[in-house]
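Colleague: Need a 3D model of the following:
(2 chains)
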2 protein chains.
Amino acid sequence: MATKKDIEEGLEFIPKFDDTGLIPVIAQDAETGQVLMAAFMNRQALDLTIQTGYAVYFSRSRQKLWKKGEQSGHFQKVRQILVDCDQDCLLLKVSVEAGQCHVGYQSCFYRALKKGTGKMLEFIAEKVYNPQKTYKK
Amino acid sequence: MATKKDIEEGLEFIPKFDDTGLIPVIAQDAETGQVLMAAFMNRQALDLTIQTGYAVYFSRSRQKLWKKGEQSGHFQKVRQILVDCDQDCLLLKVSVEAGQCHVGYQSCFYRALKKGTGKMLEFIAEKVYNPQKTYKK
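Modeller: This is a model prediction of the structure:
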C-alpha cells in the first residue's frame, strides 16, 4: 500500500482510478499553453496513450475507448504526461494540428461567464473548422 | 430541459453537477498559462467563487467548502471562469502570488512520466515554498 509520501513525493507512477475505473485528464496545447479539453481515461486508455504516443480516452457516454481524432482526424500527439500531487488527475501536453472541440473550436473552453452575472455566458473564441463537414466524412 | 444545442451553443450558464453534486474545475495561471491544480466545486462553492472573486472549492476528503488559501494564505484571485462545450467542466483563470500546491510547488503537476517507461516519474519543478513552515501558522 503506497503511503501519502510515496504518492506525493515518490518516483513511482501510481495513478489513482476512481470507483468507476476512470481518472480525469486535462489536455493542454504544448506550444500555446491553451487548455483544450478535459476527459477521462481508464487503465487501458492510459496504456494505449503511453504505448502509441497519441491520446486515447474513455468515453463515458459511449462506454468505450476513444482515440481522440478517430472521427475528425484531429489527433493529439502526446509530448508529456504529468500527474498531480495525489496522482488522481493527469495533464497531457499535446501537439495538435486542428481544432480540438467537436463543436468547431480550437478548445472546448470557448465561452466564459459574463462579468457581473452568474448566469450568462459570452463567446470568447471563433470556430476554426466546420464540424458538419469534418464529421460527415 | 436544455437541449444539446442550448448547452453547447447557448449563452445560458447551466453547469452540470454530477450525481454527487460536484463539477470538476481546472485552475490555470492567468499570466503564465501554467495549469496549477484540478479540484471540484459544488453549487455553493461556485456561487461563493462568483460572488467573492476568490476560488472556493469543495473538498471531497473533508466533505466541506474550502476557500483555496484559507490555511496557506495562497489564494486564487479569479480573473475569468470558462466552461466547456457540454458544461460539465470549468476552467478558472486565476492570479496567484505564491505556490499553489500543498506539497510546496507552484503547480500540483510537478512530476512527469519518464519517457520510455510507463511506471517511473521524474520531477520537473523545484519547490517554491516550505509547506512545513506555511502550514504551521
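Colleague: remind me which residues of chain A are low pLDDT?
Modeller: Within chain A, the stretches with pLDDT under 70 are A:137.
Colleague: Would you state the helices of it in chain order?
Modeller: For chain A, the helices defined by DSSP state H cover A:4-9, A:43-52, A:131-134.
Colleague: Next, format those helices as TSV and append mean neighbour count and distance to chain B.
Modeller: Where C-beta positions appear, they are placed from N, C-alpha and C, glycine not excepted. TSV is the format used below for the helices of chain A (neighbours: other C-beta atoms under 10 Å in any protein chain shown; distance: least, C-beta to the nearest C-beta, whole Å):
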stretch	mean neighbour count	distance to chain B
helix A:4-9	14	5
helix A:43-52	17	5
helix A:131-134	12	10
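Colleague: okay if I get the ones you listed as JSON lines plus distance to residue B:90?
Modeller: Formatted as JSON lines, these follow (distance: least, C-beta to C-beta, whole Å):
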{"stretch": "helix A:4-9", "distance to residue B:90": "25"}
{"stretch": "helix A:43-52", "distance to residue B:90": "23"}
{"stretch": "helix A:131-134", "distance to residue B:90": "23"}
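Colleague: Nearest to residue A:88, out of the ones you listed?
Modeller: Smallest distance to residue A:88 across the helices of chain A (C-beta to C-beta): 9.1 Å, for helix A:4-9.
Colleague: Output that closest one as CSV, nothing but the C-alphas.
Modeller: Coordinates of each C-alpha in helix A:4-9 appear next as CSV, following Å, rounded to 0.1, in the frame of the first residue of the first chain:
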residue,chain,number,x,y,z
LYS,A,4,0.9,9.6,1.2
LYS,A,5,4.6,10.3,0.9
ASP,A,6,5.1,7.7,-1.8
ILE,A,7,2.2,9.1,-3.7
GLU,A,8,3.1,12.8,-3.3
GLU,A,9,6.9,12.8,-3.3
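Colleague: what does that helix rub up against?
Modeller: Helix A:4-9 has contacts (C-beta atoms under 8 Å, 6 or more residues apart in numbering or on different chains) with A:12, A:14, A:16, A:85-87, B:103.
Colleague: Isn't residue A:98 up against residue A:68?
Modeller: No: counting by C-beta atoms under 8 Å, residue A:98 sits too far from residue A:68 to count as a contact (11.3 Å).
Colleague: Looking at those two now, which is surrounded by more residues?
Modeller: Remark: of residue A:98 and residue A:68, residue A:68 carries more neighbours, 23 against 13, as counted by other C-beta atoms under 10 Å in any protein chain shown.
Colleague: which residues in chain A form strands?
Modeller: According to DSSP state E, chain A carries its strands in the segments A:23-29, A:35-41, A:56-59, A:64-67, A:77-83, A:90-95, A:111-113, A:121-123.
Colleague: what's the offset of the second one from the middle of its chain?
Modeller: For strand A:35-41, the distance from its own C-alpha centre to the chain's C-alpha centre is 2 Å (C-alpha atoms, centre = their mean, to the nearest Å).
Colleague: and that strand, is it in reach of chain B?
Modeller: Yes: applying C-beta under 8 Å from any C-beta of the partner chain, one finds strand A:35-41 in contact with chain B at A:35, A:37-38.
Colleague: now do stretch A:10-26
Modeller: Yes: judged by C-beta under 8 Å from any C-beta, stretch A:10-26 and chain B are in contact via A:10-13, A:24, A:26.
Colleague: And that stretch, what's buried?
Modeller: For stretch A:10-26, burial by neighbour count (16 or more other C-beta atoms under 10 Å in any protein chain shown) applies to A:10, A:13, A:15, A:22-26.
Colleague: Including distance to residue A:129, could those go into TSV?
Modeller: What follows is the buried residues of stretch A:10-26, written out as TSV (distance: C-beta to C-beta, whole Å):
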residue	distance to residue A:129
A:10	42
A:13	35
A:15	32
A:22	28
A:23	29
A:24	26
A:25	23
A:26	22
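Colleague: In contact with the nearest residue to residue A:123 once chain neighbours are set aside, which residues?
Modeller: Once flanking residues are discounted, residue A:123 sits nearest to residue A:111: 5.6 Å by C-beta to C-beta, 6 or more residues apart in numbering or on different chains. Going by C-beta under 8 Å, 6+ apart, residue A:111 touches A:121-124, B:11, B:82-83.
Colleague: Thanks a lot, see you next time.
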